[in-house]
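Visitor: Give me the fold of what follows.
(chains A and B)
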Amino acid sequence: DAKTTQPPSMDCAEGRAANLPCNHSTISGNEYVYWYRQIHSQGPQYIIHGLKNNETNEMASLIITEDRKSSTLILPHATLRDTAVYYCIVRGYSSASKIIFGSGTRLSIRP
Amino acid sequence: DAGVIQSPRHEVTEMGQEVTLRCKPISGHDYLFWYRQTMMRGLELLIYFNNNVPIDDSGMPEDRFSAKMPNASFSTLKIQPSEPRDSAVYFCASSLLGAAGANVLTFGAGSRLTVL
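Guide: This is a model prediction of the structure:
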């Protein structure tokens, strides 16, 4: 499975868009990009995933570059409740493909 | 659905005691994962099952750890004997492999283990 690189921390003003980058330069053709977040002391929560196309749901948007070597998670209007650690993961189809969490990005939202 | 159910939520035990953590996955899910989280090591994958069969247990720290999934609705993670360095939050997660190959995990609330 491809490895990912994320900045250890970021901050964003409340009400502004939070853009969290992820580098996955070794991603292969059948690997999805997943984003999860973990709010303090809770289990990780799924946000969004994508393969090639950009994706949007009620929580966030996922922008994947054309070469698929990087992606950006966008929280359009960040609130204090979005303060969490955000994990970017790539994983392929195979049942033997592990889901490995890296160290993620700690996002702080400023009031 | 009640989501992934883990028990106990908190466990405090003494070194050398046996600890059993339990997990009920979401009905219909065909994958089950056990993770451990500490400040020092982050979220570590211990083992995962597909259709009740262990697929990869390479993350299990040592022989003191064992995991079973006797049926599709129940799994246990056992530590015997427990040691202080096993203190951590243990998460269970389940998922259903989608038709297009996506595999989205739903996590339980975790079991916080403290070994004195």
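
Visitor: From here on, just use CA atoms for contacts and neighbour counts.
Guide: Will do.

Visitor: Convert the least confident helix or strand in chain B by mean pLDDT to CSV, retaining C-alpha atoms only.
Guide: The helix or strand of chain B with the poorest confidence is strand B:103-107; it has a mean of 89 (mean pLDDT, DSSP states H and E). Only the C-alpha atoms of strand B:103-107 are listed here, as CSV (Å, rounded to 0.1, in the frame of the first residue of the first chain):
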residue,chain,number,x,y,z
ASN,B,103,-13.8,-0.3,2.1
VAL,B,104,-15.0,2.2,4.6
LEU,B,105,-14.4,1.6,8.2
THR,B,106,-16.8,2.3,11.1
PHE,B,107,-15.1,2.5,14.4
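
Visitor: Pull the residues that contact it.
Guide: The contact list for strand B:103-107, computed with CA atoms under 8 Å, 6 or more residues apart in numbering or on different chains, reads A:43-46, A:93, B:3-4, B:91-97.

Visitor: top of those by neighbour count?
Guide: Neighbour counts for the contacts of strand B:103-107, by other CA atoms under 10 Å in any protein chain shown, peak at B:C92, which reaches 31 neighbours.

Visitor: Kindly spell out which helices and strands sit in contact with the helix or strand that one falls within.
Guide: Using DSSP states H and E, B:C92 sits in strand B:88-97. Here strand B:88-97 touches strand B:31-38, strand B:103-107, strand B:111-115, going by 3 or more CA pairs under 8 Å, 6 or more residues apart in numbering or on different chains; DSSP states H and E.

Visitor: Compute the inter-axis angle for that strand and strand B:111-115.
Guide: 150 degrees (axes from the mean of the first three to the mean of the last three CA atoms, to 10 degrees).

Visitor: Please name the strands paired to strand B:88-97 in the sheet, noting orientation.
Guide: Applying DSSP bridges, strand B:88-97 is found paired with strand B:31-38 (antiparallel), strand B:103-107 (antiparallel), strand B:111-115 (antiparallel).

Visitor: Confidence-wise, which of those strands is weakest overall?
Guide: Lowest mean pLDDT of the strands paired with strand B:88-97: strand B:103-107, a mean of 89.

Visitor: Poorly predicted segments of chain A, please.
Guide: Counting by pLDDT under 70, the ranges of chain A that qualify are A:1-2, A:93-97.

Visitor: Apologies, that question was intended for chain B.
Guide: B:1, B:99-101.

Visitor: what does it have sitting close to chain A?
Guide: Residues of chain B found near chain A (CA under 8 Å from any CA of the partner chain) are B:42-45, B:50, B:55-56, B:91, B:101-110.

Visitor: Show me which of those residues are buried.
Guide: Buried subset of those (neighbour count, 16 or more other CA atoms under 10 Å in any protein chain shown): B:43-45, B:50, B:55-56, B:91, B:101-110.

Visitor: contacting residues around the residue nearest the centre of chain B?
Guide: Centroid-nearest residue in chain B, with CA atoms, centre = their mean: B:W34, separated by 2.8 Å. Contact partners of B:W34, counting by CA under 8 Å, 6+ apart, are B:L45, B:L46, B:I47, B:Y48, B:L77, B:Y90, B:F91, B:C92, B:A93.

Visitor: Spatially nearest residue to A:T65 (excluding sequence neighbours)?
Guide: Excluding its sequence neighbours, the residue lying closest to A:T65 (CA to CA, 6 or more residues apart in numbering or on different chains) is A:S71, at 6.0 Å.
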